[in-house]
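Chemist: What follows is a predicted structure for the sequence shown.
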Amino acid sequence: MDKKSEIICRCEEISKEEIEAAIADGRTTVTGIKRQTRAGMGACQGRTCSKLIMRILQEKGVRDMKDIDIDTPRSPIVPVAVKSISSEEE
């Protein structure tokens with residue numbers, strides 16, 4: 001497998017190449033990369049890919065690991081049927 005096409009975020013299928021492109025565009029934080037690429041916005045909320053993104057930032061010399069911000073993982077939003085929150089009786 002080509003290192004550039006290596007998948008970093010499995011939930012959103014974001015490749016290492018896309019992460020590196022975001023860094024080349026001036027994104028220097030995990031949050032900035034997340035906003036540009038959607039890496040870390042999938043079902044795991046970055047629990048698996050955030051460390052990989054931090055490592056890429058360090059490899060590129062953008063940030064030192066101790067200086068890299070870490071997003072707080074949040075639970076994914078779950079769709080709710082309108083009828084389940086409706087006050088009307090059937």
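Modeler: Yes, it's here.

Chemist: and Lys51, what does it touch?
Modeler: Not one residue lies near Lys51 by CB atoms under 8 Å, 6 or more residues apart in numbering. Quick note: C-beta positions are derived from backbone N, CA and C, even for glycine.

Chemist: Give me the three-state assignment for it.
Modeler: Secondary structure state of Lys51, per DSSP: H, G, I helix; E, B strand; the rest coil, is helix.

Chemist: how close does it sit to Val82?
Modeler: Shown here: Lys51 relative to Val82, a distance of 38 Å by CB to CB, to the nearest Å.

Chemist: Quick check, Met56 in contact with Ile19.
Modeler: Slight slip there: residue 56 is Ile, not Met. Yes. In this structure Ile56 lies within contact range of Ile19 using CB atoms under 8 Å: 5.4 Å.

Chemist: anything in contact with each of these two?
Modeler: In contact with both Ile56 and Ile19: Ile8, using CB under 8 Å, 6+ apart.

Chemist: Many thanks, have a good one.
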